[in-house]
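1. The following comprises the amino acid sequence and a computationally predicted model.
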Amino acid sequence: MAAKPTIGVLALQGAFVEHEDYLRRSGALPVEVRLPEQLDEIDGLILPGGESTTIGKLLRRFGFEEPLRKFEKPIWGTCAGMILLSKEILGGLPDQLALDRIDLRVTRNAFGRQVDSFTAQLELSNLEEPIPAVFIRAPLAQPLSDRVEILAEVDGQVAAARQQNVWVSSFHPELSGDLRLHKAFVASCRTGET
């Protein structure tokens, strides 16, 4: 059996503990990433949900901005992480950090406030059966190039996508009770596929 991949979860703010549990249950060794030099020691990275403006400020303060732009291993942004990995951000502050890792124009809080949160069964192109998707102040996105592979849509906008080894989802798979997306990400980190 192949060695467990070591997958980092950015642990500056947001829902990182839940991702760690899902990674562990999906056959990976999770590591809380708090310093840029830790990026050299992992096989992949998750940028979790949380508050994208706050996470962006912390990424700048701790020197993550350029290392994340150059990070070549698989990376997955969920909710706030999706916002941070996108090329363009609508509804953010003028200095909102956009890492430009995936050709998406993302709209923050597309469904409204926390009270407007919901769960839906979502069809993903890379999974046979729908998954429960938890949307909490979720962003939605539109592709800016044909390099983006759309995996799922809600209301005609991107809810999950890939561009080479950059994955994004506007929902919180770590709150769904379904491990399939984490298992797929772990598999991509194990093989280093793009």
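-> Happy to help now that I have it. Keep in mind that what you see is a predicted model, and the values were worked out from it rather than measured.

2. Buried ones in the lowest-mean-pLDDT helix or strand in the chain, by neighbour count?
-> Within the chain, judged by mean pLDDT, DSSP states H and E, the helix or strand with the poorest mean is strand 118-122; its value is a mean of 81. By neighbour count on 16 or more other Cβ atoms under 10 Å, the buried set for strand 118-122 is L122. C-betas here are computed from N, CA, C, even on glycine.

3. pLDDT below threshold where in this protein?
-> For the chain, applying pLDDT under 70 flags the ranges 1-2, 111-116, 118, 192-194.

4. now the helices: where do they sit in it?
-> 16-25, 52-61, 65-70, 80-85, 180-191 (DSSP state H).

5. Output the contacting helices and strands for the second one.
-> Helix 52-61 makes packing contacts with helix 80-85 when contacts are defined by 3 or more Cβ pairs under 8 Å, 6 or more residues apart in numbering; DSSP states H and E.

6. Tell me the helices and strands packed up against the helix it packs on.
-> strand 44-47, helix 52-61, strand 75-78, strand 102-107, strand 166-169.

7. And the ones you listed: which comes nearest A120?
-> Between A120 and the helices and strands packed on helix 80-85, the tightest spacing by Cβ to Cβ is seen for strand 166-169, at 12.7 Å.

8. strands paired with that closest one, and their directions?
-> Paired strands of strand 166-169, with direction, are strand 75-78 (parallel), strand 157-163 (antiparallel) (DSSP bridges).

9. And the residue nearest the centre of this protein?
-> In the chain, the centroid-proximal residue (Cα atoms, centre = their mean) is G77; its distance is 1.3 Å.

10. Show me what counts as buried in stretch 17-24.
-> For stretch 17-24, burial by neighbour count (16+ other Cβ under 10 Å) applies to E18, H19, E20, Y22, L23.

11. Which residue is the nearest non-sequential neighbour of the first one?
-> So that's E18. E174 (4.0 Å; Cβ to Cβ, 6 or more residues apart in numbering).

12. where's the one you found relative to P130, distance?
-> 17 Å (Cβ to Cβ, to the nearest Å).

13. higher neighbour count, those two?
-> E174 (26 against 13; other Cβ atoms under 10 Å).

14. Now for that one: which residues touch it?
-> Residues near E174 by Cβ atoms under 8 Å, 6 or more residues apart in numbering: A15, E18, H19, D21, Y22, P48, G49, T78, H182.
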